[in-house]
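Colleague: sharing a sequence plus its predicted fold:
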Amino acid sequence: MIRRKKRNRKAPAFNSEKVFLAASQSLESVNTYFQTTSHGLTHEDIKVRQRLYGTNEIIHERKQNPILMFCKAFINPFIGVLMVLVMVSLVIDVLLVAPEEREWTSILVITIMVLLSVILRFTQEWRSGKASETLKKMVKNTASVYRDDSLSSREVNITELVPGDVVYLSAGDMVPADIRIIESKDLFVSQSSLTGESDAIEKQAVLPRKGVRSGSVLELDNICFMGSNIVSGAARGVVFATGKHTYLGTIAKSIVGVRAQTAFDKGISNVSLLLIRFMLVMVPFVFLVNGITKGDWFEAFIFAVSVAVGLTPEMLPMIVTANLSKGALVMARKKTIVKNLNAIQNFGAMNILCTDKTGTLTRDQIILERYINSDGSQDDKKRVLRHAFFNSYFQTGLKNLMDRAILSHIQELGLEHLKETYTKIDEIPFDFTRRRMSVIVEDKQGKCQIITKGAVEEMLAICTHTEYNGEVHRLTEELREKAYKICERMNKEGMRVLAVAHKSWVGKEKEFSIADESEMVLIGYLAFLDPPNHRQRMPSISCTNMEWR
């Protein structure tokens, strides 16, 4: 006798040993171990590995079968109670009542109410699901990959990544797979989606300590995991796990399909249980009292069933579903898709809704409004603007809206040729602790300087001098207070302010780090404006602490 083994439905445990092995490979043996090259895989290798490992996708909620979706619409406590009553009434009429005395009205009414409620719910949720699928198809995540011995990276859809691919990561990127770092520059990664820790941690292309085979793989310094984000810096790495084989993929297997109950679900369940309790008390009581007093137990049973039907509000499922559907239609007109009708109640129960300001209260179209000298005078020579341009143009990290505004303004003025007068030597990437970033450039005469741009408070902390009335002065407390007042005045006008500083006495033979951002000269300020969205009524907002990025 052959017994089939029960299929294990539990998500397989994450293979931490594989991660430790990937982390322990020396930089010299990385390419051999992962069967790749420093310039990535060939086209033939990619095809073979895609067939072997599949697409780089984690398990997620799939498009539901319409028949299954329709059947699930019947899974509702109220509908369950009504269907039980319909079945009981039907059995009584068919088996115990003479054909000429059968009454079908109550059965038909309850059945029609149930079907209308189910059809309405199914139709609304099916349309919402279709709209959601359409939106998903519009969004594509890409990664920078080195392939076919190319010296430069190219953008590909992250679903096409395979183990052995060499990827380039920079500030703002989402890590597209589990990656072993082989090169890094001031790399800080946020793993909050995996660990819950809000602080970014530094990652480097270094080997773990000898004998390290315990503890969490998330603590490894040379491994980046799918789902984490690059906060600052840049890196190159080799993909060693994709899709469901990643750390995030194993987590997704254990939670996919599980949906938390809303307050509405719990309320419906509580009311249904209350009705069932009433029936369990009233129906037997009515049945016994009528049977004992009248002696006709069959009539007593029919009357008890009628009491059960009377206790149940047949129209309630229909009324509730109709109201929820109306709410979903109103939300749809506001460009909000509601996939689960029961979630409508949660929207109505909100007391406080937190939302991002950019693009919601404003147009999300930042423009460079002003560039002024550190003494508050107009920058007629555009010296502050030029330094800001070099900083924004030469950085390799993610260019934010303010960087784009600077580059756009330079393009409007026709000054793009300025980039040809300087050569980039190095950079010190942005991070959210320093709130500034620096580039080191050299002109054709061999003069090397650091140009730094960032939040005013952090910039004043690293400046020891300032250009005032055309001359360089020591940054005294008096001048520091004047600088704060200049920026505060522009903040009150609704503008975001960045400071620009430089330092020219640097040697180009050294490696640059955050420590070099010191004893700098403040040269001016940049003021950006994100105009309000006049299509909405704007609440009164006091901006007291403006942050870069």
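Modeller: Good, I have the coordinates. Keep in mind that this is a model prediction, so the values were computed, not measured.

Colleague: which non-adjacent residue is nearest Ile410?
Modeller: Leaving aside its sequence neighbours, Ile410 sits nearest to Phe389 (CB to CB, 6 or more residues apart in numbering; 4.9 Å). (Each C-beta comes from the backbone N, C-alpha and C, glycine too.)

Colleague: so where does the one you found fall, helix or strand?
Modeller: Secondary structure assignment for Phe389, by DSSP states H and E: helix 383-394.

Colleague: again, but for Val271
Modeller: Here Val271 sits within helix 263-294, counting by DSSP H and E.

Colleague: which strands and helices sit next to the next helix or strand after that helix?
Modeller: Once the chain leaves helix 263-294, the next helix or strand it forms, by DSSP H and E, is helix 297-311. When contacts are defined as 3 or more CB pairs under 8 Å, 6 or more residues apart in numbering; DSSP states H and E, helix 297-311 sits against helix 77-95, helix 263-294.

Colleague: pick the most buried one from the ones you listed.
Modeller: Among these, helix 77-95 has the highest mean neighbour count (mean count of other CB atoms under 10 Å), at a mean of 16.

Colleague: and that helix, what's its mean pLDDT?
Modeller: With pLDDT averaged residue by residue, helix 77-95 scores 74.

Colleague: over to stretch 228-238?
Modeller: 87.

Colleague: for the longest helix anywhere in the chain, buried residues please.
Modeller: Longest helix in the chain by number of residues (criterion: DSSP state H): helix 105-138. For helix 105-138, a neighbour-count test (16 or more other CB atoms under 10 Å) marks 106-107, 110-111, 113-114, 117-118, 120-122, 124-125, 128-129 as buried.

Colleague: what's the most distant pair in those residues?
Modeller: For the buried residues of helix 105-138, the maximum inter-member distance is 34.6 Å, found between Ser106 and Gly129 (CB to CB).

Colleague: is it fair to say Glu420 lies in a helix?
Modeller: Yes: assigned with DSSP: H, G, I helix; E, B strand; the rest coil, Glu420 falls within a helix.

Colleague: contact partners for it?
Modeller: Counting by CB atoms under 8 Å, 6 or more residues apart in numbering, Glu420 makes contact with nothing.

Colleague: measure it to Arg404 for me?
Modeller: Glu420 sits 21 Å away from Arg404, going by CB to CB, to the nearest Å.

Colleague: what about the helices in the stretch 301-450 of the chain?
Modeller: With helices called from DSSP state H, counting those that start in this stretch, the stretch 301-450 of the chain shows them at 316-333, 344-348, 383-394, 401-413.

Colleague: follow-up on the earlier one: which strands and helices sit next to the helix holding Val271?
Modeller: Secondary-structure packing of helix 263-294 (3+ CB pairs under 8 Å, 6+ apart): helix 77-95, helix 297-311, helix 344-348.

Colleague: ok, residues contacting the longest one?
Modeller: In other words, helix 77-95. Under CB under 8 Å, 6+ apart, the answer for helix 77-95 is 74, 102-104, 106-107, 110-111, 113-114, 117-118, 268-269, 271-273, 275-276, 301-302, 305, 308-309, 312, 314, 316-317, 320.

Colleague: again with the shortest one
Modeller: Applying CB under 8 Å, 6+ apart, the set of residues contacting helix 344-348 from outside is Thr262, Ala263, Phe264, Gly267, Leu324, Gly327, Ala328, Met331, Val338.

Colleague: quick one: it to chain centroid distance?
Modeller: Distance of helix 344-348 from the chain centroid (CA atoms, centre = their mean, to the nearest Å) equals 22 Å.

Colleague: same check on the second one?
Modeller: When distances are taken as CA atoms, centre = their mean, helix 297-311 is centred 55 Å away from the chain's centroid.

Colleague: cool, and the first one?
Modeller: From the chain centre to the centre of helix 77-95 is a distance of 46 Å (CA atoms, centre = their mean).

Colleague: hey, C-alpha coordinates of the helix holding Phe389 in CSV?
Modeller: The C-alpha trace of helix 383-394 is given here as CSV (Å, rounded to 0.1, in the frame of the first residue of the first chain):
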residue,chain,number,x,y,z
ARG,A,383,29.3,82.5,-8.7
VAL,A,384,27.1,80.8,-6.2
LEU,A,385,25.0,79.3,-9.0
ARG,A,386,28.1,78.0,-10.8
HIS,A,387,29.4,76.2,-7.6
ALA,A,388,25.9,74.7,-7.1
PHE,A,389,25.9,73.5,-10.7
PHE,A,390,29.2,71.7,-10.3
ASN,A,391,28.0,70.1,-7.1
SER,A,392,24.7,68.9,-8.7
TYR,A,393,26.2,67.9,-12.1
PHE,A,394,29.2,65.9,-10.9
